[in-house]
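>>> Can you look at this prediction? I've put the sequence above it.
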Amino acid sequence: MFKYTPIAHVKTDFKQKFGIPRQSGRVNALGEIVFTPEFNNPDYIRRINEFNYLWLVFDFSLSHKQTPSATVRPPRLGGNERVGVFATRSPFRPNPIGLSCVKLERIQNTDNGKTLIVSGVDLLDGTPIIDIKPYIPSTDCHVDAIGGYADQFTNYKLKVDFPDHLLELVAPDKREVLIDVLSEDPRPSYQNDDRSYGLSFDVYNITFTVKNDTVTVLKVEIEK
């Protein structure tokens with residue numbers, strides 16, 4: 001039996017699974033990688049600043065299943081068609097291990113050691129990081145790669161109607177990312193109706209509806 005020890009955890013504005021971007025890099029959301037005491041040694045990240053993109057190997061901590069399934073229903077295929085789990089990036093896998101490519105923005109000095117500030121994260125707040133590897137363009141970038149069924153959703157975006165009086169309740173440095181998150185259509189793809197949805201982002205609870213390819217924000221509540 002394999003046993004992995006998390007080397008770090010990531011801090012993000014995504015407090016629940018609903019609303020997390022479906023792929024890394026789709027939204028310019030920031031994350032802070034905080035190393036565990038055992039790995040909080042600057043030698044572990046020596047010369048990492050020479051790379052501007054990193055691979056994060058992480059644990060799908062909320063998606064552990066006792067019995068793995070050979071097939072899953074990708075949300076972008078409407079949630080009805082089953083495909084092989086190894087032909088998807090579903091979190092429900094025989095081994096709940098994920099892989100994200102993020103941009104290294106900077107190394108930050110804190111009272112508890114160095115942390116990594118990264119962008120393009122698609123990770124739940126508190127996600128355990130198993131490993132970090134540099135992205136190497138000469139080997140990791142394949143210009144002839146075929147995206148399969150995922151290619152049809154590459155440019156999928158919704159319009160966002162965020163009334164000014166509600167947007168003003170959101171901190172200025174959070175507004176652009178929040179709008180991007182909403183434009184990605186957080187709803188399960190098999191739900192296409194006028195119901196209201198709730199999204200938790202940072203300290204904000206956002207209520208919205210979707211109609212005619214437009215997200216309309218109805219309410220913004222601030223957690224206390």
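That came in fine, so what should we check first?

>>> residue ranges with poor pLDDT in this protein?
Where the chain drops to pLDDT under 70, the residues are 1, 76, 78-79, 189-193.

>>> residues in contact with the top strand by length along it?
The longest strand of the chain (DSSP state E) is strand 97-110. With CB atoms under 8 Å, 6 or more residues apart in numbering as the test, strand 97-110 has contacts from 24-25, 30-32, 45, 48-49, 51-60, 89, 91, 114-123, 130, 135. Backbone N, C-alpha and C define where each C-beta goes, glycine included.

>>> Domain map for the protein?
8-61+96-140, 155-222 (automatic domain parsing).

>>> how about the ones you listed, which one is nearest Gly148?
Proximity to Gly148, assessed across the domains of the chain by CB to CB, is greatest for domain 8-61+96-140 (13.4 Å).

>>> how far does that closest one stretch from start to finish?
Chord length of domain 8-61+96-140, first to last residue, is 24 Å (CA to CA, to the nearest Å).

>>> Relative to the whole chain's centre, how far out is that domain?
Its chain's C-alpha centre and that of domain 8-61+96-140 lie 10 Å apart, by CA atoms, centre = their mean, to the nearest Å.

>>> Contacts only, for Ser183.
Here Ser183 is in contact with Lys157, Leu158, Lys159, Val160, Val215 (criterion: CB under 8 Å, 6+ apart).

>>> Give me the buried stretch members for the longest helix belonging to the chain, please.
Among the segments of the chain that qualify as a helix by DSSP state H, the longest is helix 172-183. Judged by neighbour count using 16 or more other CB atoms under 10 Å, the buried positions of helix 172-183 are Lys174, Val177, Leu178, Ile179, Asp180, Val181, Leu182, Ser183.
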